[in-house]
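Novice: coords below, sequence missing:
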Ligand SMILES: N[C@@H](CCC[C@H](N)C(=O)O)C(=O)O
């Protein structure tokens, strides 16, 4: 019998990015990659990211979170999932501010003006080639050498790269359908330049304050929204002079506000979290027959 049997879960979403929150507080149970893949295959627990919520490791924090993609890989950041967990724990305890911990550090979360709205301090971005990480040295990561399509007339090229807790490549385009991300995404995600793979975005800057974004997520595929991709696109746009530091990033699932604060270099992401249903995990959810 799986150790996850009878654990409570909440099916949520952040702008349509499907999030499964599994509450493991008070137990020593851990979600394996295989568990995650099994849950993701089921309709009622289907997810892009699974947020496993554990008892806090650090005094003063509300919980420790492990994050797994639908393919079972473990990662250290998920913007939409963080808002979902924060909203759930804020509803549970009545607080309007709390800190969550991941393997990458602390994330301070604050309730917004509208119900379900949360602002997360995502910390400072990293731009060094080894921090992304890239497989080879690039002095300037605002535009690296990578292209798709014919050598003399590439369809997309020279992405900006950033690490906002996870690796992102942002291709600047005038037309978001210039390439089919369903086909191009898997190739670029696993390109030899990205030793830990990467999240791949097409970004269209529509004004100094607005970006439209489509994302192919590492380990999950095309999603309706990706919080960290919105952060990576916003800081990369500001860094390359395309926008200011306070932008609305519109994804297929809707908009996120991203502010890259000058005083401490931190990124603030604001957007909604929505609860769809709650349930309890059962042993049969992990069996092949399910
Ligand atoms: N949907 C997420 C990002 C989740 C992790 C990503 N797929 C990765 O592998 O780095 C978000 O909202 O940030």
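Specialist: Yep, it's here. Since this is a predicted model, take the numbers as computed values, not measurements.

Novice: looking just at contacts, which helices and strands does the strand or helix carrying residue 161 meet?
Specialist: Under the criterion of DSSP states H and E, residue 161 resides in strand 160-163. Of the remaining helices and strands, those touching strand 160-163 by 3 or more CB pairs under 8 Å, 6 or more residues apart in numbering; DSSP states H and E are strand 167-172, helix 227-239. (C-beta placed from N, C-alpha, C; glycine too.)

Novice: Nearest to residue 124 among the ones you listed would be which one?
Specialist: Nearest of the helices and strands packed on strand 160-163 to residue 124, taken as CB to CB: helix 227-239 at 9.3 Å.

Novice: quick one: the most centrally placed residue in the chain and the ligand, what's the gap?
Specialist: Nearest to the mean C-alpha position of the chain, counting by CA atoms, centre = their mean, stands residue 78 at 3.3 Å. As for residue 78, its distance to the ligand is 4 Å (criterion: CB to the nearest ligand atom, to the nearest Å).

Novice: which residues touch the strand holding residue 161?
Specialist: 125-127, 129, 131-134, 138, 141-144, 167-170, 172, 198, 232, 235-236, 239-240 (CB atoms under 8 Å, 6 or more residues apart in numbering).

Novice: re the thing from before, quickly compare the helices and strands packed on strand 160-163 and say which is most buried.
Specialist: The highest mean neighbour count among the helices and strands packed on strand 160-163, using mean count of other CB atoms under 10 Å, belongs to helix 227-239: a mean of 28.

Novice: can you give me the strands in the stretch 151-290 of the chain?
Specialist: 156-157, 160-163, 167-172, 199-207, 210-217, 221-223, 246-251, 254-260, 267-272, 274-280 (DSSP state E, counting those that start in this stretch).

Novice: To the ligand, which of these lies closest?
Specialist: strand 210-217 (3.8 Å; CB to the nearest ligand atom).

Novice: Just give the strands next to the closest one in its sheet, each with its orientation.
Specialist: strand 199-207 (antiparallel), strand 221-223 (antiparallel), strand 246-251 (parallel) (DSSP bridges).

Novice: could you give me the average pLDDT of the strand holding residue 161?
Specialist: Over the span of strand 160-163, the pLDDT mean works out to 98.

Novice: quick revisit: output the helices and strands packed on strand 160-163 as a markdown table; include the columns mean pLDDT and distance to the ligand.
Specialist: As requested, those are arranged in a markdown table below (pLDDT from 0 to 100; distance: least, CB to the nearest ligand atom, whole Å):
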| stretch | mean pLDDT | distance to the ligand |
| --- | --- | --- |
| strand 167-172 | 98 | 7 |
| helix 227-239 | 99 | 3 |
